Every structure is written in structure tokens, then in C-alpha cells.
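Engineer: turn this into a model:
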Amino acid sequence: MSSSATHTLIVDAGHTRIKFALCEHPANEPLPLVREHVAPMAEGAIPWDEIITWTTDLTAPPQTLITGSSPKSIEQVLGQWPKGLNAARKLVDRTQLPIIIEVDAPERVGIDRLLTAIAANKLRAERQTAIVVDSGTAITVDAIGSSGIFHGGAILPGVRMGSQALHRYTATLPEIDASTL
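Structural biologist: Below is the predicted model:
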């Protein structure tokens with residue numbers, strides 16, 4: 001890991017998992033590079049000792065940023081935040097994000113969906129549209145227009161939720177252990 005590059009510790013606090021990633025920001029890359037990551041189950045033990053070791057060889061402590069779709073998981077992480085890391089800045093204000101949101105209720109769009117749209121804008125060719133599919137607790141499918149505008153999309157049950165619903169609401173389908181998929 002390059003000790004002279006800038007780094008950010010990013011936390012995505014979801015309903016099923018809390019994802020931690022130490023990212024490096026090389027000047028020649030459109031997106032940060034993930035150098036270390038861990039994704040413990042939400043409400044489970046967070047491996048703080050491991051996460052702190054990621055930062056020991058850096059020349060400067062990384063900036064820290066937390067966001068996510070689960071307010072409960074965000075508060076869990078902030079309540080346990082160790083003294084060995086810079087205080088986490090909570091990203092909640094979508095109006096500060098570099099993306100135009102054209103939906104009926106922009107205040108209801110999850111920041112996680114907007115961040116993936118911003119990443120898609122960094123990677124897509126100029127004047128090309130993009131469809132972003134993100135699979136987790138839920139599956140989201142979002143459209144980004146050729147000028148980079150977020151046009152919304154759909155939120156569908158994730159694999160586990162879908163498996164449970166198919167078993168519960170049908171007469172013969174067994175429940176599949178989605179954790180093995």
C-alpha cells in the first residue's frame with residue numbers, strides 16, 4: 001500500500017451487513033481503489049482491531065465517512081467508534097452530492113443508490129446511459145441518463161427475501177438457503 005497517497009475509510013451501514021473499506025485515491029483512477037475490506041453482519045461484532053491495523057502504516061490518518069441504508073446500523077457503528085480512528089463524518093445530505101436527481105420525491109432516494117449512480121457516471125462513456133443493479137438485502141435497478149441525471153428505478157426483494165416469500169406464499173416451493181448462493 002502506498003503510504004503517501006490519500007486514503008479514506010468508508011463505512012456502508014446496511015440492514016444485513018456493515019461494510020468497511022480502506023480506499024486509496026490515486027490521481028490516475030476515476031474511482032478510489034479498495035485496499036482492505038471487511039463486511040461483518042449487522043448487529044454482530046465489528047472487528048475494530050483489524051480495521052485499526054489498516055491505518056497504522058499510513059503517513060496521515062484517513063478521513064472517515066459513514067453512510068448507508070440502515071439508520072440503526074449507522075448509530076451502532078458510531079456508538080462503538082474507537083478512539084484509534086478519526087471521527088467518522090456522517091453523510092446524510094444528498095443535496096451536497098454531485099448528481100442531479102429527477103424523480104418525484106428526491107428526498108426519498110437512498111444515498112447508497114445515489115453513490116452508485118455517481119460511480120457509474122465516473123465510469124460510463126460520455127453521452128451514454130447506464131443501468132446500475134445492486135444486489136444486497138434488496139436488489140435495486142436504477143437508470144442514469146446520458147447527461148448523468150439520476151432517473152430513479154426500482155427496489156426489489158433481495159435473494160434471501162425473495163426465497164423466503166416464494167416458500168411462504170406458494171404451496172410447493174421449498175425455502176432455499178440463500179446464504180449459500
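Engineer: wait, doesn't residue 101 sit right on residue 114?
Structural biologist: Yes. With contact defined as C-beta atoms under 8 Å, residue 101 reaches residue 114; the gap is 7.0 Å. In short, each C-beta sits where N, CA and C put it, glycine included.
Engineer: common neighbours of the two, please.
Structural biologist: By the contact definition C-beta atoms under 8 Å, 6 or more residues apart in numbering, residue 101 and residue 114 are jointly contacted by 94, 150.
Engineer: in terms of secondary structure, what does the longest helix along the chain contact?
Structural biologist: Assignment by DSSP state H gives helix 111-123 as the longest helix of the chain. Taking 3 or more C-beta pairs under 8 Å, 6 or more residues apart in numbering; DSSP states H and E as contact, the helices and strands that helix 111-123 lies on are strand 63-67, strand 130-135, strand 138-144, strand 150-157.
Engineer: tilt between the last one and strand 138-144?
Structural biologist: The directions of strand 150-157 and strand 138-144 differ by 160 degrees, with axes from the mean of the first three to the mean of the last three C-alpha atoms, to 10 degrees as the criterion.
Engineer: ok, back up a step: show me the one of the helices and strands packed on helix 111-123 that comes nearest residue 166.
Structural biologist: strand 150-157 (9.5 Å; C-beta to C-beta).
Engineer: buried residues, that closest one. List them.
Structural biologist: Of the residues in strand 150-157, 150, 152-153 count as buried by neighbour count, 16 or more other C-beta atoms under 10 Å.
Engineer: what of stretch 98-111?
Structural biologist: Buried residues in stretch 98-111, counting neighbours by 16+ other C-beta under 10 Å, are found at 99, 101, 109, 111.
Engineer: first-to-last residue distance for it?
Structural biologist: The first and last residues of stretch 98-111 sit 12 Å apart, counting by C-alpha to C-alpha, to the nearest Å.
Engineer: so which residues make contact with that stretch?
Structural biologist: Among residues not part of stretch 98-111, those counted as contacts by C-beta under 8 Å, 6+ apart are 67-69, 91-92, 94, 97, 114, 117-118, 121, 140, 145, 148-152.
Engineer: repeat for stretch 130-137
Structural biologist: The set of residues external to stretch 130-137 that reach it, using C-beta under 8 Å, 6+ apart, is 14-17, 69, 112-113, 116-117, 120-121, 123-124, 139-144, 153, 158-161.
Engineer: only whichever of those are buried, select them in ChimeraX.
Structural biologist: One line in ChimeraX is enough to select the buried ones among the contacts of stretch 130-137; burial here means 16+ other C-beta under 10 Å:
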select :14,15,16,17,69,112,113,116,117,120,121,139,140,142,143,144,153,158,159,160
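Engineer: angle of the longest helix of the chain against strand 63-67?
Structural biologist: Here the directions of helix 111-123 and strand 63-67 differ by 120 degrees (the same axes, to 10 degrees).
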